[in-house]
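Q: Coordinates for the following, if possible.
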Amino acid sequence: MNLHWTKKYVSTVTAVMAHPGAFFQDRFNNVTVGQALGFLSLSALCFSITATLVNPVGGLLRNGVLLFVNAIGMVVIGSAVAYVALIATTGRRYAFFRLWNIFSLSASAVLILAWIPAAFFLTEPWRWWLIGTGLVRGLGLSKIRAVFVVLLTFIGMAALICTVFSMVEA
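A: Now for the predicted structure:
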C-alpha cells in the first residue's frame, strides 16, 4: 500500500465522519468502486483485528475472518436490498455502484469505532444516518424518500437475517 493511497483513505474516511453532507455532495462522485472497496476492506480489516484482540474468545483467526466477512457481507447485502427498495419506491433505476459506494463509505467510517462492544448503539444509527445522507446528497433523493428507502432496507435486511438464522437453526 503506497503513501498516496493511505492519505486518500484517511482523507476520505475523515471527511465522511466529520462532514458527511459536504462529502457526499462535493466529493462522492470522485470515489471509484475500487476505492470504495479498498476503503471498506481496510476498515473491515482494522475492525476485525481489533475486535478479535479485544475479545479473544475461541480461535482468533476464525473469529477475525468471520468478522471481516460479516463487515463486507453486510455492505453487499445492504446495497442489494437498497437497490431493490430504491427501484420499488422510485420506479427509476440508479447505478448499483453508486449505492455500493454509499454503503461502503458509510461502513468504512463506522467500522473504525464498531469494535468497541458498547459502541453498537452509537455506530449502527450513525451508519444508517450516513447512508441516508448519501442518498440525499449523493443520489439527490428527497429526505422523505431517503428515509423510506433506509427503513425498507433496514427491515429487508433484518427479515433476511432472521430467515437465514431460522434456516440455520433448523
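Q: State the mean pLDDT of the helix or strand encompassing residue 76.
A: Assessed by DSSP states H and E, residue 76 sits inside helix 60-90. Average pLDDT, helix 60-90: 91.
Q: tell me which strands and helices whichever helix or strand comes after that helix is in contact with?
A: Following helix 60-90 in sequence order, the next helix or strand is helix 96-114 (DSSP H and E). Counting contacts by 3 or more CB pairs under 8 Å, 6 or more residues apart in numbering; DSSP states H and E, helix 96-114 packs against helix 3-18, helix 33-54, helix 60-90, helix 120-137. For every residue, glycine as well, the C-beta is placed using N, CA and C.
Q: tilt between helix 96-114 and helix 60-90?
A: Angle, helix 96-114 to helix 60-90, by axes from the mean of the first three to the mean of the last three CA atoms, to 10 degrees: 140 degrees.
Q: Run a quick neighbour tally on the nearest residue to residue 16 once chain neighbours are set aside.
A: Of all residues beyond its chain neighbours, the one nearest residue 16 is residue 109 (4.3 Å), with distances taken as CB to CB, 6 or more residues apart in numbering. Using other CB atoms under 10 Å, the number of residues around residue 109 comes to 25.
Q: pretty sure residue 109 contacts residue 13?
A: Yes. Applying CB atoms under 8 Å, one finds residue 109 in contact with residue 13, separated by 5.4 Å.
Q: what touches both of those two?
A: residue 43 (CB atoms under 8 Å, 6 or more residues apart in numbering).
Q: List the contacts of the residue sitting nearest the centre point of the chain.
A: The centroid of the chain falls nearest to residue 107 when counting by CA atoms, centre = their mean (2.9 Å). Applying CB under 8 Å, 6+ apart to residue 107 gives the contacts 40, 43-44, 71, 74-75, 127.
Q: 6 Å instead?
A: Shown in contact with residue 107 (CB atoms under 6 Å, 6 or more residues apart in numbering): 40, 75.
Q: Let me know how buried residue 131 is, in neighbour terms.
A: 27.
Q: Report the contact partners of it.
A: For residue 131, the contact set (CB under 6 Å, 6+ apart) comprises 102, 106, 150.
Q: pLDDT value on the residue nearest to the centre of the chain, please?
A: pLDDT at residue 107 comes out at 97.
Q: Look up how far residue 149 lies from it.
A: Distance of residue 107 to residue 149, given as CB to CB, to the nearest Å: 17 Å.
Q: how about the nearest residue to residue 126, chain neighbours excluded?
A: That would be residue 110: by CB to CB, 6+ apart, it lies 5.8 Å from residue 126.
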